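Participant: What would the 3D arrangement of this be:
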Amino acid sequence: MTHLDGNVLAGPLADIFNADMTTAISRCAGCGDSSPLATAIVYLKPGTYVARCHVCDTMLLTLIQSSGTNRLDLTGLAGLAIPR
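Facilitator: Purely as a prediction, here's the structure:
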């Protein structure tokens, strides 16, 4: 499966957060790398975004969009610094 960078998350995450989440600094729970979310490797399926660490490939977050619901799993993030 091909992938895109984390910039593809800008629109879907704007539906949940009131900030440009591609500039948020995410800290990987796997390797500890701290980088803007835009550097993540994102795999797409219809209605599903899976973001992985660009260093170690740990799954950072999963966003599943279905009719009227956004389900966000942030298990792979040890931290997230969201710009104001």
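Participant: which strand is the longest one in this protein?
Facilitator: strand 59-66 (DSSP state E).
Participant: May I have the strands that pair with that one, each with its orientation?
Facilitator: Here strand 59-66 has these sheet partners by DSSP bridges: strand 48-52 (antiparallel), strand 69-73 (antiparallel).
Participant: who wins for proximity to Leu63 among the ones you listed?
Facilitator: Nearest of the strands paired with strand 59-66 to Leu63, taken as C-beta to C-beta: strand 48-52 at 4.4 Å. Every residue, glycine included, has its C-beta placed from N, CA and C.
Participant: For that closest one, which residues meet the burial criterion?
Facilitator: Buried positions in strand 48-52, judged by neighbour count with 16 or more other C-beta atoms under 10 Å: Tyr49, Val50, Ala51, Arg52.
Participant: Dump it to PDB, keeping only the CA atoms.
Facilitator: Extracted in PDB, the C-alpha atoms of strand 48-52 (Å, rounded to 0.1, in the frame of the first residue of the first chain):
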ATOM      1  CA  THR A  48      -9.600   5.500   7.800                       C
ATOM      2  CA  TYR A  49      -6.200   7.300   8.400                       C
ATOM      3  CA  VAL A  50      -3.300   5.400  10.000                       C
ATOM      4  CA  ALA A  51      -0.300   7.600  10.900                       C
ATOM      5  CA  ARG A  52       3.000   5.900  11.600                       C
END
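Participant: rewinding a little: switch the strands paired with strand 59-66 over to JSON lines; also include mean pLDDT and distance to Met59.
Facilitator: What follows is those, written out as JSON lines (pLDDT from 0 to 100; distance: least, C-beta to C-beta, whole Å):
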{"stretch": "strand 48-52", "mean pLDDT": "97", "distance to Met59": "5"}
{"stretch": "strand 69-73", "mean pLDDT": "95", "distance to Met59": "8"}
